[in-house]
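Chemist: model the following, please.
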Amino acid sequence: MHAKPNWLQTISQSYQEASQQRIIALGLGLLSFPFQLLVLIRYLLKNRLSESHAVEKKIKRTFEESGAAANLKENLLNQEKRKADFLQQNSSKAQMEKRVNELYQTAYQKELKERTLAHYQESTSEQLSFLNETVKWLQQPLGFVLSLFLGFPMYVLLLIVSIPTLRYIVDRLIMMVFVIIGVTIIVFTLLYLSPSDSATNILGVQATPEQIINFNAVHGLDDPYLIQLGRTIKGIFTFDLGNAFEGNERVVTMIMRRFPVTLQLTLFALALSIVVALPAGIYAAVKANTTFDHLFMLIALIGISIPSFWQGLIFILTFSINLGWLPATYNADNLVSLIMPAVVLGTGLMASVARMTRSSTLEVINEDYILTARAKGLSTRRVILRHAVPNALIPIVTIIGLQFGGMLGGSSVTEKVFNINGVGSYIVDKQFVPDIPSVMGGVIYIAVILSMVNVFIDLLYSFIDPRIRSRIKSGR
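Modeler: This next block holds a predicted model:
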(Lines give C-alpha, C1' and ligand atoms only; values in the text may rest on other atoms or scores of the structure.)
Protein backbone atom coordinates (compact mmCIF):
# COMPACT_ATOMS: atom_id res chain seq x y z
CA MET A 1 0.00 0.00 0.00
CA HIS A 2 1.43 3.35 -1.04
CA ALA A 3 1.87 5.99 1.64
CA LYS A 4 0.00 9.22 1.14
CA PRO A 5 2.19 12.23 0.24
CA ASN A 6 2.84 14.58 3.16
CA TRP A 7 1.49 17.59 1.28
CA LEU A 8 -1.86 15.83 0.83
CA GLN A 9 -1.96 15.16 4.55
CA THR A 10 -1.21 18.82 5.21
CA ILE A 11 -3.97 20.01 2.88
CA SER A 12 -6.56 17.64 4.34
CA GLN A 13 -5.60 18.62 7.89
CA SER A 14 -5.86 22.33 7.04
CA TYR A 15 -9.29 21.72 5.53
CA GLN A 16 -10.44 19.82 8.60
CA GLU A 17 -9.25 22.56 10.98
CA ALA A 18 -10.79 25.34 8.87
CA SER A 19 -14.13 23.49 8.71
CA GLN A 20 -14.50 23.73 12.49
CA GLN A 21 -15.53 27.37 12.04
CA ARG A 22 -19.02 27.71 10.60
CA ILE A 23 -18.42 30.79 8.48
CA ILE A 24 -15.22 29.37 7.01
CA ALA A 25 -16.92 26.01 6.42
CA LEU A 26 -19.74 27.77 4.57
CA GLY A 27 -17.22 29.67 2.44
CA LEU A 28 -15.33 26.47 1.60
CA GLY A 29 -18.57 24.79 0.58
CA LEU A 30 -19.68 27.66 -1.67
CA LEU A 31 -16.28 28.07 -3.31
CA SER A 32 -16.04 24.36 -4.16
CA PHE A 33 -19.71 23.57 -4.71
CA PRO A 34 -19.28 21.13 -7.68
CA PHE A 35 -16.66 19.14 -5.76
CA GLN A 36 -18.73 19.19 -2.58
CA LEU A 37 -21.71 17.91 -4.58
CA LEU A 38 -19.71 14.88 -5.75
CA VAL A 39 -18.59 14.19 -2.19
CA LEU A 40 -22.18 14.50 -0.97
CA ILE A 41 -23.45 11.98 -3.53
CA ARG A 42 -20.75 9.50 -2.56
CA TYR A 43 -21.39 10.11 1.14
CA LEU A 44 -25.13 9.43 0.78
CA LEU A 45 -24.52 6.24 -1.20
CA LYS A 46 -21.85 5.10 1.21
CA ASN A 47 -24.00 5.92 4.22
CA ARG A 48 -26.69 3.53 3.01
CA LEU A 49 -24.27 0.72 2.33
CA SER A 50 -21.96 1.21 5.32
CA GLU A 51 -22.33 -0.10 8.84
CA SER A 52 -22.65 3.39 10.32
CA HIS A 53 -26.39 3.34 9.84
CA ALA A 54 -26.59 -0.08 11.49
CA VAL A 55 -24.41 1.08 14.39
CA GLU A 56 -26.62 4.11 15.00
CA LYS A 57 -29.73 1.91 14.93
CA LYS A 58 -28.16 -0.52 17.38
CA ILE A 59 -27.19 2.25 19.79
CA LYS A 60 -30.67 3.72 19.56
CA ARG A 61 -32.33 0.34 20.21
CA THR A 62 -30.03 -0.39 23.16
CA PHE A 63 -30.71 3.02 24.63
CA GLU A 64 -34.47 2.49 24.48
CA GLU A 65 -34.57 -1.20 25.52
CA SER A 66 -32.31 -0.63 28.52
CA GLY A 67 -34.85 1.76 29.97
CA ALA A 68 -32.44 4.70 29.88
CA ALA A 69 -34.72 6.60 27.50
CA ALA A 70 -37.74 6.10 29.75
CA ASN A 71 -35.73 7.15 32.81
CA LEU A 72 -34.57 10.28 30.96
CA LYS A 73 -38.13 11.27 30.16
CA GLU A 74 -39.31 10.56 33.70
CA ASN A 75 -36.50 12.66 35.16
CA LEU A 76 -37.39 15.54 32.87
CA LEU A 77 -41.05 15.27 33.89
CA ASN A 78 -40.18 15.32 37.60
CA GLN A 79 -37.87 18.24 37.01
CA GLU A 80 -40.64 20.25 35.33
CA LYS A 81 -43.08 19.40 38.13
CA ARG A 82 -40.66 20.61 40.79
CA LYS A 83 -40.01 23.74 38.77
CA ALA A 84 -43.75 24.45 38.43
CA ASP A 85 -44.31 23.90 42.17
CA PHE A 86 -41.41 26.16 43.11
CA LEU A 87 -42.56 28.95 40.79
CA GLN A 88 -46.22 28.31 41.69
CA GLN A 89 -47.20 27.92 38.05
CA ASN A 90 -50.58 26.44 37.19
CA SER A 91 -49.82 24.59 33.98
CA SER A 92 -52.23 22.15 32.40
CA LYS A 93 -51.25 18.54 31.89
CA ALA A 94 -51.14 19.03 28.10
CA GLN A 95 -48.84 22.07 28.38
CA MET A 96 -46.47 20.22 30.71
CA GLU A 97 -46.36 17.16 28.44
CA LYS A 98 -45.62 19.35 25.44
CA ARG A 99 -42.76 21.11 27.24
CA VAL A 100 -41.36 17.80 28.52
CA ASN A 101 -41.49 16.28 25.00
CA GLU A 102 -39.53 19.22 23.59
CA LEU A 103 -36.86 18.87 26.27
CA TYR A 104 -36.83 15.11 25.82
CA GLN A 105 -36.20 15.29 22.07
CA THR A 106 -33.22 17.60 22.60
CA ALA A 107 -31.75 15.50 25.39
CA TYR A 108 -32.48 12.27 23.47
CA GLN A 109 -30.52 13.39 20.40
CA LYS A 110 -27.66 14.66 22.56
CA GLU A 111 -27.44 11.34 24.40
CA LEU A 112 -27.44 9.35 21.14
CA LYS A 113 -24.71 11.57 19.73
CA GLU A 114 -22.54 11.10 22.83
CA ARG A 115 -23.02 7.32 22.80
CA THR A 116 -22.20 7.11 19.10
CA LEU A 117 -19.08 9.19 19.58
CA ALA A 118 -17.99 7.02 22.53
CA HIS A 119 -18.56 3.88 20.44
CA TYR A 120 -16.26 5.07 17.65
CA GLN A 121 -13.65 6.25 20.12
CA GLU A 122 -13.50 2.77 21.69
CA SER A 123 -13.51 0.90 18.37
CA THR A 124 -10.98 1.07 15.53
CA SER A 125 -13.59 2.00 12.93
CA GLU A 126 -14.19 5.62 11.93
CA GLN A 127 -17.56 7.32 12.06
CA LEU A 128 -18.89 8.15 8.64
CA SER A 129 -19.57 11.87 8.20
CA PHE A 130 -19.58 14.33 5.35
CA LEU A 131 -16.50 16.10 6.73
CA ASN A 132 -14.57 12.84 7.16
CA GLU A 133 -15.54 11.78 3.65
CA THR A 134 -14.30 15.10 2.22
CA VAL A 135 -11.02 14.78 4.11
CA LYS A 136 -10.56 11.24 2.73
CA TRP A 137 -11.05 12.53 -0.82
CA LEU A 138 -8.48 15.29 -0.27
CA GLN A 139 -5.97 12.71 0.98
CA GLN A 140 -6.15 10.83 -2.32
CA PRO A 141 -4.36 12.15 -5.45
CA LEU A 142 -7.45 11.65 -7.62
CA GLY A 143 -9.67 13.45 -5.12
CA PHE A 144 -7.17 16.31 -4.85
CA VAL A 145 -7.07 16.72 -8.64
CA LEU A 146 -10.89 16.79 -8.75
CA SER A 147 -11.05 19.34 -5.95
CA LEU A 148 -8.43 21.48 -7.67
CA PHE A 149 -10.30 21.36 -10.97
CA LEU A 150 -13.82 21.82 -9.55
CA GLY A 151 -13.08 24.03 -6.56
CA PHE A 152 -9.85 25.95 -7.01
CA PRO A 153 -11.14 29.08 -5.13
CA MET A 154 -11.43 26.86 -2.04
CA TYR A 155 -7.63 26.60 -1.90
CA VAL A 156 -7.30 30.38 -2.02
CA LEU A 157 -9.50 30.59 1.10
CA LEU A 158 -7.53 27.77 2.74
CA LEU A 159 -4.30 29.66 2.07
CA ILE A 160 -5.72 32.82 3.64
CA VAL A 161 -7.03 30.95 6.69
CA SER A 162 -3.79 29.01 7.23
CA ILE A 163 -1.60 32.16 7.34
CA PRO A 164 -2.66 34.25 10.40
CA THR A 165 -1.12 37.51 9.18
CA LEU A 166 -2.72 37.19 5.76
CA ARG A 167 -6.05 36.33 7.34
CA TYR A 168 -5.76 39.39 9.61
CA ILE A 169 -5.22 41.63 6.59
CA VAL A 170 -8.10 40.05 4.62
CA ASP A 171 -10.43 40.40 7.63
CA ARG A 172 -9.61 44.10 7.85
CA LEU A 173 -10.15 44.56 4.11
CA ILE A 174 -13.54 42.84 4.29
CA MET A 175 -14.52 45.07 7.20
CA MET A 176 -13.37 48.05 5.11
CA VAL A 177 -15.74 47.06 2.29
CA PHE A 178 -18.69 46.85 4.70
CA VAL A 179 -17.80 50.24 6.20
CA ILE A 180 -17.65 51.86 2.76
CA ILE A 181 -20.99 50.36 1.73
CA GLY A 182 -22.59 51.41 5.04
CA VAL A 183 -21.35 54.99 4.72
CA THR A 184 -22.54 55.10 1.11
CA ILE A 185 -26.05 53.96 2.06
CA ILE A 186 -26.35 56.51 4.89
CA VAL A 187 -25.05 59.49 2.89
CA PHE A 188 -27.02 58.60 -0.25
CA THR A 189 -30.22 58.27 1.81
CA LEU A 190 -29.68 61.69 3.39
CA LEU A 191 -29.07 63.27 -0.02
CA TYR A 192 -32.11 61.49 -1.46
CA LEU A 193 -34.33 62.80 1.34
CA SER A 194 -32.84 66.30 1.13
CA PRO A 195 -35.40 68.96 0.11
CA SER A 196 -32.82 70.62 -2.13
CA ASP A 197 -33.50 70.17 -5.87
CA SER A 198 -30.35 69.66 -7.94
CA ALA A 199 -32.13 70.40 -11.23
CA THR A 200 -33.41 73.77 -10.02
CA ASN A 201 -30.07 74.71 -8.44
CA ILE A 202 -28.12 73.97 -11.63
CA LEU A 203 -30.59 75.10 -14.32
CA GLY A 204 -31.80 78.09 -12.32
CA VAL A 205 -35.24 79.18 -11.19
CA GLN A 206 -36.09 80.25 -14.73
CA ALA A 207 -35.94 76.63 -15.97
CA THR A 208 -39.18 75.27 -17.42
CA PRO A 209 -40.83 72.12 -16.02
CA GLU A 210 -39.89 70.29 -19.24
CA GLN A 211 -36.21 71.16 -18.75
CA ILE A 212 -36.30 69.94 -15.14
CA ILE A 213 -37.99 66.68 -16.16
CA ASN A 214 -35.42 66.18 -18.92
CA PHE A 215 -32.54 66.89 -16.49
CA ASN A 216 -33.85 64.34 -13.98
CA ALA A 217 -34.32 61.76 -16.74
CA VAL A 218 -30.81 62.25 -18.14
CA HIS A 219 -29.17 61.86 -14.73
CA GLY A 220 -31.50 59.11 -13.48
CA LEU A 221 -32.93 61.22 -10.65
CA ASP A 222 -36.46 60.09 -11.47
CA ASP A 223 -35.59 56.43 -10.84
CA PRO A 224 -36.77 54.74 -7.62
CA TYR A 225 -34.59 54.97 -4.52
CA LEU A 226 -33.35 51.37 -4.63
CA ILE A 227 -32.32 51.61 -8.29
CA GLN A 228 -30.33 54.79 -7.68
CA LEU A 229 -28.72 53.29 -4.56
CA GLY A 230 -27.86 50.08 -6.40
CA ARG A 231 -26.29 52.08 -9.22
CA THR A 232 -24.16 54.00 -6.72
CA ILE A 233 -22.97 50.86 -4.89
CA LYS A 234 -22.20 49.18 -8.21
CA GLY A 235 -20.12 52.23 -9.16
CA ILE A 236 -17.91 51.68 -6.10
CA PHE A 237 -16.76 48.30 -7.38
CA THR A 238 -16.54 49.37 -11.05
CA PHE A 239 -14.75 52.67 -10.28
CA ASP A 240 -17.48 54.53 -12.13
CA LEU A 241 -19.38 56.99 -9.93
CA GLY A 242 -21.00 58.70 -12.88
CA ASN A 243 -20.59 62.22 -14.23
CA ALA A 244 -20.93 65.44 -12.29
CA PHE A 245 -24.08 67.48 -12.84
CA GLU A 246 -21.90 70.55 -13.38
CA GLY A 247 -19.38 70.20 -16.19
CA ASN A 248 -20.45 66.63 -17.00
CA GLU A 249 -16.97 65.33 -16.07
CA ARG A 250 -16.33 61.88 -14.62
CA VAL A 251 -16.28 62.11 -10.82
CA VAL A 252 -13.47 59.58 -10.40
CA THR A 253 -11.30 61.49 -12.88
CA MET A 254 -11.89 64.78 -11.08
CA ILE A 255 -11.01 63.33 -7.67
CA MET A 256 -7.89 61.56 -8.97
CA ARG A 257 -6.80 64.77 -10.68
CA ARG A 258 -6.99 66.68 -7.38
CA PHE A 259 -5.63 63.89 -5.19
CA PRO A 260 -1.88 64.45 -5.86
CA VAL A 261 -1.86 68.01 -4.53
CA THR A 262 -3.81 66.94 -1.43
CA LEU A 263 -1.37 64.06 -0.87
CA GLN A 264 1.61 66.36 -1.34
CA LEU A 265 0.24 68.91 1.11
CA THR A 266 -0.59 66.20 3.66
CA LEU A 267 2.85 64.59 3.46
CA PHE A 268 4.58 67.95 3.91
CA ALA A 269 2.41 68.75 6.94
CA LEU A 270 2.89 65.27 8.42
CA ALA A 271 6.67 65.33 8.01
CA LEU A 272 6.89 68.78 9.58
CA SER A 273 4.69 67.74 12.50
CA ILE A 274 6.59 64.54 13.28
CA VAL A 275 10.03 66.15 13.01
CA VAL A 276 9.06 68.88 15.49
CA ALA A 277 6.49 67.18 17.74
CA LEU A 278 8.17 63.86 18.59
CA PRO A 279 11.47 65.25 19.94
CA ALA A 280 9.66 68.10 21.72
CA GLY A 281 7.15 65.75 23.33
CA ILE A 282 9.83 63.30 24.48
CA TYR A 283 12.01 66.07 25.89
CA ALA A 284 9.01 67.61 27.69
CA ALA A 285 8.26 64.23 29.30
CA VAL A 286 11.87 63.84 30.45
CA LYS A 287 11.87 67.42 31.81
CA ALA A 288 8.39 67.16 33.34
CA ASN A 289 7.21 70.08 35.51
CA THR A 290 10.08 72.31 34.40
CA THR A 291 9.85 75.72 32.72
CA PHE A 292 10.31 74.11 29.31
CA ASP A 293 7.50 71.67 30.01
CA HIS A 294 5.06 74.40 31.07
CA LEU A 295 5.97 76.55 28.07
CA PHE A 296 5.65 73.54 25.79
CA MET A 297 2.16 72.71 27.10
CA LEU A 298 1.07 76.32 26.61
CA ILE A 299 2.30 76.41 23.00
CA ALA A 300 0.67 73.03 22.27
CA LEU A 301 -2.63 74.26 23.70
CA ILE A 302 -2.45 77.36 21.51
CA GLY A 303 -1.63 75.20 18.48
CA ILE A 304 -4.73 73.07 19.05
CA SER A 305 -7.01 76.04 19.72
CA ILE A 306 -5.97 78.39 16.90
CA PRO A 307 -8.42 78.41 13.94
CA SER A 308 -6.67 77.33 10.75
CA PHE A 309 -8.39 79.92 8.54
CA TRP A 310 -7.30 82.76 10.86
CA GLN A 311 -3.75 81.38 11.02
CA GLY A 312 -3.66 81.14 7.23
CA LEU A 313 -4.79 84.73 6.80
CA ILE A 314 -2.22 85.97 9.36
CA PHE A 315 0.52 84.05 7.52
CA ILE A 316 -0.51 85.58 4.18
CA LEU A 317 -0.60 89.06 5.68
CA THR A 318 2.79 88.66 7.39
CA PHE A 319 4.94 86.55 5.08
CA SER A 320 3.40 87.44 1.73
CA ILE A 321 2.08 90.98 1.88
CA ASN A 322 4.30 92.64 4.51
CA LEU A 323 7.57 90.71 4.13
CA GLY A 324 7.15 89.31 0.62
CA TRP A 325 9.00 86.10 1.51
CA LEU A 326 6.43 83.52 0.34
CA PRO A 327 3.71 83.46 -2.35
CA ALA A 328 0.20 84.03 -1.04
CA THR A 329 -1.43 81.32 -3.14
CA TYR A 330 -0.42 77.84 -4.21
CA ASN A 331 1.40 77.33 -7.49
CA ALA A 332 2.02 73.79 -8.73
CA ASP A 333 5.30 74.84 -10.33
CA ASN A 334 6.67 76.38 -7.14
CA LEU A 335 7.18 74.09 -4.11
CA VAL A 336 7.93 77.12 -1.93
CA SER A 337 4.24 78.03 -2.20
CA LEU A 338 3.47 74.83 -0.26
CA ILE A 339 5.36 75.92 2.87
CA MET A 340 2.66 78.13 4.42
CA PRO A 341 -0.24 75.71 3.74
CA ALA A 342 1.82 72.83 5.17
CA VAL A 343 2.65 74.79 8.33
CA VAL A 344 -0.97 75.87 8.81
CA LEU A 345 -2.28 72.36 8.22
CA GLY A 346 0.40 70.77 10.37
CA THR A 347 0.01 73.10 13.36
CA GLY A 348 -2.98 71.26 14.81
CA LEU A 349 -1.40 67.86 14.11
CA MET A 350 1.90 69.03 15.58
CA ALA A 351 0.25 70.13 18.80
CA SER A 352 -1.83 66.94 19.13
CA VAL A 353 1.12 64.63 18.46
CA ALA A 354 3.38 66.56 20.83
CA ARG A 355 0.85 66.40 23.69
CA MET A 356 0.20 62.71 23.11
CA THR A 357 3.95 61.99 22.92
CA ARG A 358 4.55 63.77 26.19
CA SER A 359 1.71 62.06 28.09
CA SER A 360 2.46 58.60 26.67
CA THR A 361 6.21 58.85 27.33
CA LEU A 362 5.59 60.26 30.81
CA GLU A 363 3.38 57.29 31.62
CA VAL A 364 5.95 54.78 30.39
CA ILE A 365 9.05 56.23 32.12
CA ASN A 366 7.44 55.60 35.51
CA GLU A 367 7.08 51.87 34.87
CA ASP A 368 9.10 49.33 36.84
CA TYR A 369 11.11 48.07 33.88
CA ILE A 370 12.39 51.61 33.26
CA LEU A 371 13.56 51.81 36.86
CA THR A 372 15.26 48.43 36.37
CA ALA A 373 17.03 49.71 33.26
CA ARG A 374 18.24 52.76 35.16
CA ALA A 375 19.41 50.54 38.02
CA LYS A 376 21.55 48.55 35.56
CA GLY A 377 23.52 51.70 34.89
CA LEU A 378 22.19 52.50 31.41
CA SER A 379 22.43 56.09 30.29
CA THR A 380 19.31 58.27 30.34
CA ARG A 381 19.40 58.64 26.57
CA ARG A 382 19.56 54.88 26.04
CA VAL A 383 16.79 54.23 28.55
CA ILE A 384 14.48 56.75 26.90
CA LEU A 385 15.18 55.92 23.25
CA ARG A 386 15.65 52.16 23.64
CA HIS A 387 13.09 51.24 26.28
CA ALA A 388 10.60 54.06 26.87
CA VAL A 389 9.81 55.47 23.41
CA PRO A 390 9.13 52.14 21.62
CA ASN A 391 6.59 51.22 24.31
CA ALA A 392 4.95 54.63 24.11
CA LEU A 393 4.41 54.58 20.34
CA ILE A 394 0.99 52.86 20.17
CA PRO A 395 -1.16 55.90 21.15
CA ILE A 396 1.16 58.22 19.20
CA VAL A 397 0.80 56.15 16.02
CA THR A 398 -2.96 56.04 16.57
CA ILE A 399 -3.40 59.81 16.68
CA ILE A 400 -1.00 60.31 13.75
CA GLY A 401 -2.99 57.80 11.69
CA LEU A 402 -6.34 59.42 12.49
CA GLN A 403 -5.07 62.91 11.73
CA PHE A 404 -3.29 61.77 8.57
CA GLY A 405 -6.45 60.08 7.28
CA GLY A 406 -8.47 63.20 8.04
CA MET A 407 -6.01 65.43 6.16
CA LEU A 408 -5.97 63.09 3.18
CA GLY A 409 -9.75 63.26 3.21
CA GLY A 410 -9.38 66.89 2.32
CA SER A 411 -8.45 69.94 4.39
CA SER A 412 -11.04 72.21 2.86
CA VAL A 413 -10.38 75.30 5.00
CA THR A 414 -6.64 75.39 4.32
CA GLU A 415 -7.16 74.61 0.64
CA LYS A 416 -9.67 77.42 0.30
CA VAL A 417 -7.50 79.98 2.09
CA PHE A 418 -4.48 79.25 -0.13
CA ASN A 419 -6.48 78.62 -3.33
CA ILE A 420 -5.45 74.96 -3.60
CA ASN A 421 -7.55 72.83 -5.96
CA GLY A 422 -7.50 69.77 -3.74
CA VAL A 423 -10.07 67.16 -2.83
CA GLY A 424 -11.35 69.10 0.20
CA SER A 425 -12.21 72.24 -1.76
CA TYR A 426 -13.79 70.10 -4.49
CA ILE A 427 -16.16 68.40 -2.02
CA VAL A 428 -17.10 71.71 -0.38
CA ASP A 429 -17.86 73.34 -3.75
CA LYS A 430 -20.05 70.44 -4.89
CA GLN A 431 -22.06 69.90 -1.72
CA PHE A 432 -23.82 73.27 -1.98
CA VAL A 433 -25.36 72.43 -5.38
CA PRO A 434 -25.89 69.58 -4.34
CA ASP A 435 -24.04 67.73 -7.08
CA ILE A 436 -25.00 64.24 -5.88
CA PRO A 437 -22.46 62.17 -7.89
CA SER A 438 -19.62 64.48 -6.86
CA VAL A 439 -20.65 64.53 -3.20
CA MET A 440 -21.03 60.74 -3.17
CA GLY A 441 -17.63 60.41 -4.86
CA GLY A 442 -16.05 62.61 -2.19
CA VAL A 443 -17.71 60.69 0.64
CA ILE A 444 -16.64 57.32 -0.80
CA TYR A 445 -13.11 58.66 -1.31
CA ILE A 446 -12.91 59.78 2.34
CA ALA A 447 -14.30 56.43 3.55
CA VAL A 448 -11.76 54.52 1.45
CA ILE A 449 -8.84 56.68 2.62
CA LEU A 450 -9.76 56.45 6.30
CA SER A 451 -10.34 52.70 6.07
CA MET A 452 -7.02 52.11 4.31
CA VAL A 453 -5.16 54.24 6.84
CA ASN A 454 -6.80 52.31 9.70
CA VAL A 455 -5.77 48.99 8.13
CA PHE A 456 -2.21 50.26 7.79
CA ILE A 457 -2.18 51.48 11.40
CA ASP A 458 -3.47 48.09 12.62
CA LEU A 459 -0.62 46.38 10.76
CA LEU A 460 1.86 48.91 12.13
CA TYR A 461 0.77 47.98 15.65
CA SER A 462 2.03 44.43 15.09
CA PHE A 463 5.50 45.72 14.15
CA ILE A 464 5.65 48.02 17.16
CA ASP A 465 4.22 45.73 19.86
CA PRO A 466 5.39 42.07 19.99
CA ARG A 467 2.31 41.17 22.07
CA ILE A 468 -0.03 42.21 19.27
CA ARG A 469 2.14 40.37 16.75
CA SER A 470 1.95 37.23 18.89
CA ARG A 471 -1.87 37.45 19.11
CA ILE A 472 -2.13 37.84 15.34
CA LYS A 473 0.12 34.80 14.72
CA SER A 474 -1.94 32.72 17.14
CA GLY A 475 -5.15 33.69 15.32
CA ARG A 476 -6.57 35.75 18.18
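
Chemist: which stretches of the stretch 1-150 of the chain form helices?
Modeler: 6-18, 22-31, 33-49, 52-65, 68-87, 93-122, 130-138, 141-150 (DSSP state H, counting those that start in this stretch).

Chemist: output those as TSV; include the columns mean pLDDT, distance to residue 333 and mean neighbour count.
Modeler: (C-beta placed from N, C-alpha, C; glycine too.) Compiled in TSV, the helices of the stretch 1-150 of the chain are given as follows (pLDDT from 0 to 100; distance: least, CB to CB, whole Å; neighbours: other CB atoms under 10 Å):
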stretch	mean pLDDT	distance to residue 333	mean neighbour count
helix 6-18	77	56	15
helix 22-31	80	52	15
helix 33-49	75	58	15
helix 52-65	69	79	14
helix 68-87	78	84	13
helix 93-122	75	76	13
helix 130-138	76	62	18
helix 141-150	80	56	15
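
Chemist: for residue 339, which of the ones you listed is the nearest?
Modeler: Closest to residue 339 of the helices of the stretch 1-150 of the chain is helix 22-31 (CB to CB; 51.4 Å).

Chemist: now the angle between helix 130-138 and the closest one, please.
Modeler: 50 degrees (axes from the mean of the first three to the mean of the last three CA atoms, to 10 degrees).

Chemist: who's in contact with the residue nearest in space to the middle of the chain?
Modeler: The residue lying closest to the centre of the chain (CA atoms, centre = their mean) is residue 175, at 3.3 Å. Going by CB atoms under 8 Å, 6 or more residues apart in numbering, residue 175 touches residue 451.

Chemist: going forward, count from 2.
Modeler: Yes, from this point I'll number from 2; that puts the last item at residue 176.

Chemist: for it, give me the pLDDT.
Modeler: Here the pLDDT value assigned to residue 176 is 85.

Chemist: ok now the host helix or strand of it, how far from the chain's centre?
Modeler: Using DSSP states H and E, residue 176 sits in helix 165-194. Relative to its chain's centre, helix 165-194 lies at 7 Å (CA atoms, centre = their mean, to the nearest Å).

Chemist: and the residue nearest to residue 135 when sequence neighbours are not counted, how far from residue 144?
Modeler: Distances taken as CB to CB, 6 or more residues apart in numbering put residue 40 closest to residue 135, at 5.0 Å, once the chain neighbours are dropped. Distance check for residue 40 against residue 144: by CB to CB, to the nearest Å, it reads 8 Å.

Chemist: what do these two both touch?
Modeler: With CB under 8 Å, 6+ apart as the test, residue 40 and residue 144 both reach residue 138.

Chemist: low-confidence stretches in the stretch 302-451 of the chain?
Modeler: Within the stretch 302-451 of the chain, the stretches with pLDDT under 70 are 410-411, 434-435.

Chemist: quick one, helices of the stretch 252-401 of the chain?
Modeler: Using DSSP H, counting those that start in this stretch, helices in the stretch 252-401 of the chain cover 252-287, 292-306, 309-316, 340-365, 369-376, 381-383, 390-409.

Chemist: deepest-packed of those helices, please.
Modeler: Neighbour counts (mean count of other CB atoms under 10 Å) averaged over each of the helices of the stretch 252-401 of the chain peak at helix 340-365, with a mean of 23.

Chemist: and of the helices of the stretch 252-401 of the chain, who's closest to residue 132?
Modeler: Residue 132 lies closest to helix 390-409 among those, at 40.9 Å (CB to CB).

Chemist: hmm, residue 282 and residue 356 touching each other?
Modeler: Yes - assessed by CB atoms under 8 Å, residue 356 is found in contact with residue 282 at 7.1 Å.

Chemist: about what we covered before: for the residue nearest to residue 135, give its distance to residue 131.
Modeler: Residue 40 is 7 Å from residue 131, by CB to CB.

Chemist: thinking again about what came up before, in the helix holding residue 176, what counts as buried?
Modeler: For helix 165-194, burial by neighbour count (16 or more other CB atoms under 10 Å) applies to 165, 168-170, 173, 177, 181-182, 184-185, 188-189, 192.

Chemist: could you tell me the model confidence score at residue 470?
Modeler: 66.

Chemist: and residue 52, by the same measure?
Modeler: Residue 52 is assigned 52 on the pLDDT scale.
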